[in-house]
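Participant: Requesting a structural model of the entry that follows:
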Amino acid sequence: MSDVIELSAQTRDRVGKGSARAARRAGLVPAVIYGDKKDPVSITLEERVLVKQLHQAGFFSTLIDLDIEGKKHRVLARDVQLHPVSDRPEHVDFLRISATSTIHVEVPVEFTNEEKCPGLKAGGVLNVVRHEVEVSCRPDQMPHSLIINLEGYKVGDSIHISAVDMPEGVAPTITDRDFTVATIAAPSALRGKSEDEADEADEAEEAEEDEE
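Facilitator: Residues are numbered from 1 along each chain as shown. The predicted structure is shown next:
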């Protein structure tokens, strides 16, 4: 299940563009906490601490405890606005959650047993269609990732969401179809060989027809 990281924040009494610019000049990033049928709370976080977390994998699928003046607010990061030139974070939206909340979150996909995959051993290529899959679950059930076992898959096989062993209490939000997560594609060399063989077969058939 997902770990919980802790970040310190301060309440922001003033809101608006002027206040936000002043916060950024001071090395802070404006943010807001919303949701769970409670009033929004405007806050700021230290930019250097936030940037460090942004560079970690799975930031948007990690539970965060925001410590605001000794009171902790459990949240999920929902959106980070970046400066169009510098890519520095300019604003963050945090969704407030409770233990009983049902959340929708993008979870990264990981692959195991590549060495036991006949398709890859034959020269096939793993073509990842979805690097992340949106799932619904309670916060305490949120997985780090969805693990896909590649053992037994051959060239040309597709791996559908139904083949993924979902953790207890976790379900994909797309329920109307068995969508593809990845495929084992033939390498271009093999495709080229197949095309050459097909051309040779066509030529042989044409030659036989001419003789007749």
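Participant: Measure how buried residue 163 is and give me the count.
Facilitator: Close neighbours of residue 163, defined as other C-beta atoms under 10 Å, add up to 14. Yep, even glycine has a C-beta here, placed from its N, CA and C like the rest.
Participant: The residue lying closest to it once chain neighbours are set aside: which element?
Facilitator: Nearest residue to residue 163, sequence neighbours excluded (C-beta to C-beta, 6 or more residues apart in numbering): residue 148, at 7.2 Å. Under the criterion of DSSP states H and E, residue 148 resides in strand 146-149.
Participant: How far does that strand sit from its chain's centre?
Facilitator: 14 Å (C-alpha atoms, centre = their mean, to the nearest Å).
Participant: Quick check: neighbours of the top strand by length along the chain in the sheet, parallel or antiparallel?
Facilitator: Across the chain, the longest stretch assigned as strand under DSSP state E is strand 71-82. Strand 71-82 sits in its sheet next to strand 63-68 (antiparallel), strand 89-96 (antiparallel), going by DSSP bridges.
Participant: Same list as before, these that is, but in JSON lines and with mean neighbour count included.
Facilitator: Below are the strands paired with strand 71-82 laid out as JSON lines (neighbours: other C-beta atoms under 10 Å):
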{"stretch": "strand 63-68", "mean neighbour count": "18"}
{"stretch": "strand 89-96", "mean neighbour count": "19"}
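Participant: Other residues contacting the longest strand of the chain?
Facilitator: 4, 6, 33, 41, 54, 59-66, 88-98, 103, 105, 139 (C-beta atoms under 8 Å, 6 or more residues apart in numbering).
Participant: With stretch 55-64 instead?
Facilitator: The contact list for stretch 55-64 (C-beta under 8 Å, 6+ apart) reads 2-7, 53, 74-78, 94, 97, 105-108, 139, 142, 144-145.
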